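# Any chance you can model this:
(chains A and B)
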There are 2 protein chains.
Amino acid sequence: MSLRIGVLGGGQLGRMLALAGMPLGLEFVFFDSIADATSRQCGELVVKDFLDFKALEEFASSVDIVTYEFENVPVEAVDFILKHAQVYPPRAALELSQDRLFEKKLFTELGIATPKYLAINSEDDLTKAVAEGELPLVLKSRRLGYDGKGQFVLERSEQISEAWEAIGKVPAIAEAFVPFSRELSLIGVRGHDGSTSFYPLVENHHFEGILRLTLAPAGNISVEIQRQAEHYLQSLLDRMSYVGVLTLELFQVGTTLLANEMAPRVHNSGHWTIEAAETSQFENHLRALLGYSLGSTNSSTPSAMINLIGELPDPESVLKNPGTHFHTYRKQPKAGRKVGHVTISGHSASQVAERIVALLHLLPRKIAEQVTLN
Amino acid sequence: MSLRIGVLGGGQLGRMLALAGMPLGLEFVFFDSIADATSRQCGELVVKDFLDFKALEEFASSVDIVTYEFENVPVEAVDFILKHAQVYPPRAALELSQDRLFEKKLFTELGIATPKYLAINSEDDLTKAVAEGELPLVLKSRRLGYDGKGQFVLERSEQISEAWEAIGKVPAIAEAFVPFSRELSLIGVRGHDGSTSFYPLVENHHFEGILRLTLAPAGNISVEIQRQAEHYLQSLLDRMSYVGVLTLELFQVGTTLLANEMAPRVHNSGHWTIEAAETSQFENHLRALLGYSLGSTNSSTPSAMINLIGELPDPESVLKNPGTHFHTYRKQPKAGRKVGHVTISGHSASQVAERIVALLHLLPRKIAEQVTLN
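As a prediction, this is how the structure comes out:
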């Protein structure tokens, strides 16, 4: 009867996948190690350790297909599940995106420009890199980095020990610090049949390493830049025989794009697609998984997304602003935690910009202050 | 913490209310007499008779506010709930819409044009109406009529007994048969503060009394016609101190609008708003209930809605058509039962029309044959 989708991870991305999947008749089973994972409101939630193989077997056997909504799922868990169920996006995408060095090497291999990088396996390596390269450089642990964690911007050679300490003395990469003009991301989707579709490039604004604001589409994007980004993402999708949504984060430096990282999943910078694209990233991820035709990624509505981080405003303080939609994930508010987001639409980018400004005046100061246009 | 919305009725309208409400952080409790009501997948479901007052009391006490998603909820149930919780739309709207005579009298009182009508309480009344009026006329039971049930089109005076028999010899109204050019509906929403907003008029196509196809917006609608319809609906909303979504079904005869009936709820002819309006009818109903600002009812995307009745096609047979979104209610298919719908969007009305034709070729014959453009 009804198809059951297993999702590794039970956060807001899983929640929004479920909300997109219910009209398609799908049922969701989430697997997470956290008992109050927000997705429990939209399906079953299995609360077990990701390496509890007995629980994974039961989970895998109870669903028709498995996907994941965060990229730090242990690859061992996916390997085990693959004995019992199909998993998309493919295992390789998960493994590659968990290691910044493998990821960057793949980019290089595919001709995707990146900031210069070097593998760092010791303080000595770092000393050598500083001696041979230019400062500042960014030291990043190869694994388990997200939302700015596991990173250190090294500005003076005296900081070598401090930097190595700060990231936990783990295998790392050192990247040239890029004086980028802005951060962009491209979200694409690939089906089992190899068909692909891409959303417009969007512009992302971070604060303390966490996404605060997305402008969709990014302004002043030439056809060439959009094409370049799509070409990069297309080559990644094809190389990995990818199925589902894949996100590529990019730095724009002048008219050049440098790939920063990829996320093998639906992405925070694509939440605007719920209201402002013909098909949301969530629906398209599910369409791809299930072998359905991909939906149009067109958008005729300029929009923006503001993350609600650390606290949740009164809904009416948002909704009284024209063009807004409010999303709460029903998570316990906590400093730095994404507890919801707002989508703002308008008939033009400048109207969206005006509406952002008006909204920021009404949001809690803590949230508004973190939304910077850099 | 989280607001709990009680919904009398657990059908697809309740289901879609819940899907619209989850991003707003709402929880849903449905009350229905049917154990496999489709809404159970999106919230709690209380399965009890609508006149089980003990169950109603528990239900009302467990939620913050109550609404209803079908108009044949017994008014006694609402009266009882009102002792424990607020109910919107207001009781008066429910009561009036349950009785075709009261409803038509209200229309008349507010200056809303209708087909000529007469109260019929006996076969004698009907005989008199036929003698004094023109044939054909439509005999409709005053209560419990929906989807074309409880109606008889009386074309010859010899059919008087048959007609009276057919509708069950119950209090009725006889209406002049209107040679209308088309059927339209207008969906509007009113907030606690009296603010109102209206979607564009849509064109509805029925078969055997059941809605099969909605075109949104209706083509060739003059500013005057839209204004006339809004004026009608505005006067109804204000008269009833209405809160929530109200739907008015109209016949268009030349450049004249005649009111057929109203539905004090979200409506099948507004499903297109999920994808093709800035704010869906479901979200706006909830915004109104909760005292939030109403969302924009604008639509810049021409669209159509096809009901999936009696059987459910393979999702891919729908989704492979550009511009489509698929909605299943996960109900057991049964002749005449609404089990899902499809939304079709395009950049112009003519593209939508082409897409409808293409889609109809791929839908099961039983469904496609019922979608007639009259």
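
# only C-alpha atoms for contact and neighbour calcs from this point on.
Will do.

# Pull stretch A:119-138 out as PDB, backbone CA atoms only.
Below are the C-alpha coordinates for stretch A:119-138, written out as PDB (Å, rounded to 0.1, in the frame of the first residue of the first chain):
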ATOM      1  CA  ALA A 119      46.600  17.700   4.000                       C
ATOM      2  CA  ILE A 120      47.800  18.300   7.500                       C
ATOM      3  CA  ASN A 121      48.500  15.300   9.700                       C
ATOM      4  CA  SER A 122      50.700  16.900  12.400                       C
ATOM      5  CA  GLU A 123      51.800  20.100  13.800                       C
ATOM      6  CA  ASP A 124      54.900  19.700  11.700                       C
ATOM      7  CA  ASP A 125      52.800  19.600   8.500                       C
ATOM      8  CA  LEU A 126      51.100  22.800   9.700                       C
ATOM      9  CA  THR A 127      54.400  24.500  10.300                       C
ATOM     10  CA  LYS A 128      55.600  23.500   6.800                       C
ATOM     11  CA  ALA A 129      52.300  24.800   5.300                       C
ATOM     12  CA  VAL A 130      52.700  28.100   7.000                       C
ATOM     13  CA  ALA A 131      56.300  28.400   5.900                       C
ATOM     14  CA  GLU A 132      55.500  27.600   2.300                       C
ATOM     15  CA  GLY A 133      52.200  29.300   1.900                       C
ATOM     16  CA  GLU A 134      50.500  32.600   2.700                       C
ATOM     17  CA  LEU A 135      48.700  33.600   5.800                       C
ATOM     18  CA  PRO A 136      46.000  33.700   6.800                       C
ATOM     19  CA  LEU A 137      45.000  30.100   6.200                       C
ATOM     20  CA  VAL A 138      42.100  28.100   7.500                       C
END
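
# Could you list the buried residues of that stretch?
For stretch A:119-138, burial by neighbour count (16 or more other CA atoms under 10 Å in any protein chain shown) applies to A:119-121, A:123, A:125-127, A:129-130, A:135-138.

# and the closest residue to A:Val138 other than its chain neighbours, which of the three is it?
When the adjacent residues along the chain are set aside, A:Val138 lies closest to A:Val153, with 4.5 Å between them (CA to CA, 6 or more residues apart in numbering or on different chains). Under DSSP: H, G, I helix; E, B strand; the rest coil, the three-state class of A:Val153 is strand.

# can you pull the contacts of A:Val153?
A:Pro136, A:Leu137, A:Val138, A:Leu139, A:Ala163, A:Phe177 (CA atoms under 8 Å, 6 or more residues apart in numbering or on different chains).

# and the gap between it and A:Lys366?
25 Å (CA to CA, to the nearest Å).

# Mark which of the buried residues of stretch A:119-138 are part of strands, please.
Judged by DSSP state E, those include A:Ala119, A:Ile120, A:Leu137, A:Val138 as members of strands.

# pretty sure the first one is touching A:Val170, no?
No: no contact is recorded between A:Ala119 and A:Val170 when judged using CA atoms under 8 Å, the distance being 11.1 Å.

# Now tell me what touches whichever helix or strand A:Phe102 is part of from outside.
Per DSSP states H and E, A:Phe102 falls inside helix A:100-109. If you take CA under 8 Å, 6+ apart as the criterion, helix A:100-109 is touched by A:96-97, A:113-114, A:117, A:119, A:141-143, A:172-173, A:236, A:259, A:261-262.

# wait, which of those residues is closest to B:Leu312?
For these, the closest approach to B:Leu312 (CA to CA) belongs to A:Leu236, at 36.7 Å.

# where in the stretch 251-374 of chain A is pLDDT low?
Filtered on pLDDT under 70, the stretch 251-374 of chain A yields the residue ranges A:373-374.

# Quick check: residues of chain A near chain B?
Contacts of chain A with chain B, taken as CA under 8 Å from any CA of the partner chain, map to A:2, A:19, A:23-25, A:42, A:275, A:278, A:292-296, A:315-316, A:319-320, A:322-324, A:326-330.

# Buried only: go through the residues you listed for me.
Buried members of those, scored by 16+ other CA under 10 Å, are A:19, A:23-25, A:42, A:275, A:278, A:292-296, A:315-316, A:319-320, A:322-324, A:326-330.

# Okay, and which of those residues map to helices?
The helices, defined by DSSP state H, take in A:Leu19, A:Glu275, A:Pro315, A:Glu316, A:Leu319 from those.

# just to revisit the earlier point, and the helix holding A:Phe102, average pLDDT?
Mean pLDDT, computed over helix A:100-109, is 97.

# Repeat that for stretch A:125-139.
Per-region confidence: stretch A:125-139 scores 92 on mean pLDDT.

# How far away from the center of its chain is that stretch?
How far stretch A:125-139 lies from its chain's middle: 28 Å, per CA atoms, centre = their mean, to the nearest Å.

# contacts for it?
Residues outside stretch A:125-139 that contact it (CA under 8 Å, 6+ apart): A:118-120, A:151-157, A:160, A:163-164, A:167, A:172-177.

# Could you rerun that using 6 Å?
Outside stretch A:125-139, the residues that touch it by CA atoms under 6 Å, 6 or more residues apart in numbering or on different chains are A:Ile120, A:Gln151, A:Phe152, A:Val153, A:Leu154, A:Glu155, A:Ile173, A:Ala174, A:Glu175, A:Ala176, A:Phe177.

# How about stretch A:232-244?
Residues contacting stretch A:232-244 (CA under 6 Å, 6+ apart): A:Tyr88, A:Pro89, A:Ile112, A:Val189, A:Arg190, A:Gly191, A:His192, A:His285, A:Ala288, A:Leu289.

# Turn those residues into CSV, including distance to B:Leu101, secondary structure and neighbour count.
Converted to CSV, those look like this (distance: CA to CA, whole Å; DSSP: H, G, I helix; E, B strand; the rest coil; neighbours: other CA atoms under 10 Å in any protein chain shown):
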residue, distance to B:Leu101, secondary structure, neighbour count
A:Tyr88, 58, coil, 27
A:Pro89, 59, coil, 26
A:Ile112, 71, coil, 20
A:Val189, 55, strand, 29
A:Arg190, 57, strand, 28
A:Gly191, 55, coil, 25
A:His192, 57, coil, 18
A:His285, 51, helix, 28
A:Ala288, 52, helix, 26
A:Leu289, 53, helix, 24
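
# Pick the one among these closest to chain B.
A:Ala288 (11.3 Å; CA to the nearest CA).

# isn't the closest one right up against A:Gly194?
No: between A:Ala288 and A:Gly194 there is no contact under CA atoms under 6 Å: 9.7 Å.

# care to break chain A down by domain?
Segmentation of chain A into domains, based on automatic domain parsing, reads A:4-87, A:116-176, A:182-369.

# Spell out the residue ranges of the strands in the stretch 151-300 of chain A.
Ranges of strands within the stretch 151-300 of chain A are A:151-154, A:172-176, A:182-190, A:196-198, A:202-207, A:210-216, A:244-253, A:256-263, based on DSSP state E, counting those that start in this stretch.
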